[in-house]
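Peer 1: based on what follows, work out the 3D shape:
(one chain, ligands or ions: 1)
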Amino acid sequence: MPSPIGHTLASWFLASIAERKIHPRDGAMFWAAAMIAGNLPDVDLLPAVVLGLEAVAPFHQGITHSIGFAAVTGFSFGFFFRKRGIPLSFGWFFFAALVYAHVLLDSLGDDTFPPIGVMLFWPFSSERFLSPVSVFPGVKKGSLTDLWDPHNLVEFGLEAGIFLPLIGALWLWKRARLKGVSRAKLGGPA
Ligand SMILES: [Zn+2]
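Peer 2: The predicted model follows:
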């Protein structure tokens with residue numbers, strides 16, 4: 001599964017698509033909420049802070065990695081932003097998509113520790129899914145020093161190599177579009 005870096009970059013990309021729906025006044029709050037939503041399924045790892053990773057690992061990637069969790073948390077975020085002028089239907093869909101993108105990305109990772117895979121369609125089905133082709137080799141997370149393990153650095157590099165070009169391309173496209181609109185307003189060649 002991707003690291004929090006990968007999930008955050010994926011959320012950044014998705015938030016870049018939707019940001020024009022947000023009033024600039026709420027920009028910082030929107031971006032923070034998007035980054036939280038994109039990492040939210042891994043909230044099931046939080047007890048590891050107290051209990052240790054080995055105790056928590058068998059319960060990781062349970063119902064927090066499902067379409068049901070995405071729908072419920074997406075609604076909560078959407079409801080919050082509804083008060084800030086974003087239609088509930090859009091906010092719900094957008095934040096549910098952010099949470100579910102995390103789940104889908106995890107299903108593309110390497111998973112060798114039971115339970116294998118994620119329950120993509122829970123509560124409709126408890127079947128677990130894992131891509132036969134592993135795109136993300138995953139990270140070692142036994143201790144803090146593992147952070148700089150070459151295996152992890154390869155994973156971080158891979159995630160940056162996938163998502164940063166997407167973010168960059170989207171930024172360039174938006175910039176070019178903005179310039180085109182400005183020129184059109186000034187009456188120059190588009
Ligand atoms: Zn996860």
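Peer 1: distance check, Val139 against Ala28.
Peer 2: Going from Val139 to Ala28 by CB to CB, to the nearest Å gives 28 Å. (Glycine included, C-beta is placed from N, CA and C.)
Peer 1: pick out whichever of these two has more residues nearby.
Peer 2: Legend: neighbour count by other CB atoms under 10 Å for Val139 and Ala28, higher for Val139 (23 against 9).
Peer 1: for the ion, what are the nearby residues on this protein?
Peer 2: By CB under 5 Å from the ion, the residues of the chain that approach the ion are 41-42, 106.
Peer 1: again, 8 Å this time
Peer 2: Taking CB under 8 Å from the ion as the contact definition, the chain meets the ion at 1-2, 7, 41-42, 45, 60-61, 64-65, 102-103, 105-106, 118.
Peer 1: of those, which belong to helices?
Peer 2: 7, 102-103, 105-106 (DSSP state H).
Peer 1: distance between the lowest-mean-pLDDT helix or strand in the chain and the chain's centre?
Peer 2: Within the chain, no helix or strand scores below helix 53-56, which has a mean of 82 by mean pLDDT, DSSP states H and E. Distance, stretch centre to chain centre, for helix 53-56: 23 Å (CA atoms, centre = their mean, to the nearest Å).
Peer 1: how many neighbours does Leu130 have?
Peer 2: For Leu130, the number of neighbouring residues by other CB under 10 Å comes to 18.
Peer 1: need the contact list for it.
Peer 2: With CB atoms under 8 Å, 6 or more residues apart in numbering as the criterion, the residues that contact Leu130 are 107, 109, 111, 116-118.
Peer 1: what's the closest non-adjacent residue to the residue nearest the centre of the chain?
Peer 2: In the chain, the centroid-proximal residue (CA atoms, centre = their mean) is Gly38; its distance is 3.1 Å. Leaving aside its chain neighbours, Gly38 sits nearest to Ser11 (2.8 Å; criterion: CB to CB, 6 or more residues apart in numbering).
Peer 1: wait, doesn't the one you found sit right on Pro41?
Peer 2: No: between Ser11 and Pro41 there is no contact under CB atoms under 8 Å: 11.6 Å.
Peer 1: between these two, which is the more surrounded one?
Peer 2: A side-by-side neighbour count of Ser11 and Pro41, using other CB under 10 Å, places Pro41 first with 28 against 24.
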